[in-house]
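K.L.:
Dropping the sequence and predicted coords here.
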Amino acid sequence: MFKLRNLLKVAALATLAIALQGCAAKDRRTLGSQIDDNSIVIKAGNAIEANKTLEEKANINVYSYNGVILLTGQAPNQAMVEEAGELVRPVQGAKDVQNQIRVGNPTSFTTRSRDSWITTRVKSLLLADKEISALNIRVITENGEVFLMGIVGEQEGDKAVEIARHVNGVSRVIKAFETQYN
């Protein structure tokens, strides 16, 4: 079920990306890279799902931006955290793995709802800032920690971090940026 659902998502996203190619020009990733990121997420998710222990006992989320995989969530012990990272490392197209899974119990519905609000608030503030290209920054929140992914200039990345760290409920900001130097 997971594989079919994700394949349908990739097909829909690829179709949308092609249809919106003119709009995608503002994204600093190539169209191919955007499609590759979707494929990486599916392959990494399938690798984790295939491990029944991780699937049953851990809460792991997979993201990819320009070939960098970000793992977030919770696992019962450090060995499982490391195992998840090792499972996704060989995924074709992955340049790096940022394993940010924390040892602990899965977050509650209330925590996930608060995280969604934090993500929305950070993204809104980034969009409102004229010095930041918010379309090039992905915001992920897990248990109050904000992860920022994307391709940014050094000052742009620093400003995004400053904006995120002042949002109510944010406990920590982790940069997973690819820095572009002019």
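P.N.:
Yes, it's here. Note that the structure is a prediction, hence the values are computed from the model and not measured.
K.L.:
Please count neighbours and contacts with C-alpha atoms only from this point.
P.N.:
Noted.
K.L.:
which stretches of this structure have low pLDDT?
P.N.:
1-25, 182 (pLDDT under 70).
K.L.:
which residues in it form strands?
P.N.:
According to DSSP state E, the chain carries its strands in the segments 59-65, 68-75, 96-103, 137-142, 145-153, 172-180.
K.L.:
contact partners of the fifth one?
P.N.:
In this structure, residues lying in contact with strand 145-153 by C-alpha atoms under 8 Å, 6 or more residues apart in numbering are 28-29, 65-66, 119, 136-141, 161, 164, 170-182.
K.L.:
relative to strand 68-75, how tilted is that strand?
P.N.:
Interaxial angle of strand 145-153 relative to strand 68-75 (axes from the mean of the first three to the mean of the last three C-alpha atoms, to 10 degrees): 180 degrees.
K.L.:
Sheet partners, orientation included, of strand 145-153?
P.N.:
Paired neighbours of strand 145-153 in the sheet (DSSP bridges): strand 137-142 (antiparallel), strand 172-180 (parallel).
K.L.:
Could you export the ones you listed as JSON lines, including distance to E154 and mean neighbour count?
P.N.:
Formatted as JSON lines, those follow (distance: least, C-alpha to C-alpha, whole Å; neighbours: other C-alpha atoms under 10 Å):
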{"stretch": "strand 137-142", "distance to E154": "13", "mean neighbour count": "22"}
{"stretch": "strand 172-180", "distance to E154": "6", "mean neighbour count": "16"}
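K.L.:
closest to I42 out of those?
P.N.:
Smallest distance to I42 across the strands paired with strand 145-153 (C-alpha to C-alpha): 17.4 Å, for strand 137-142.
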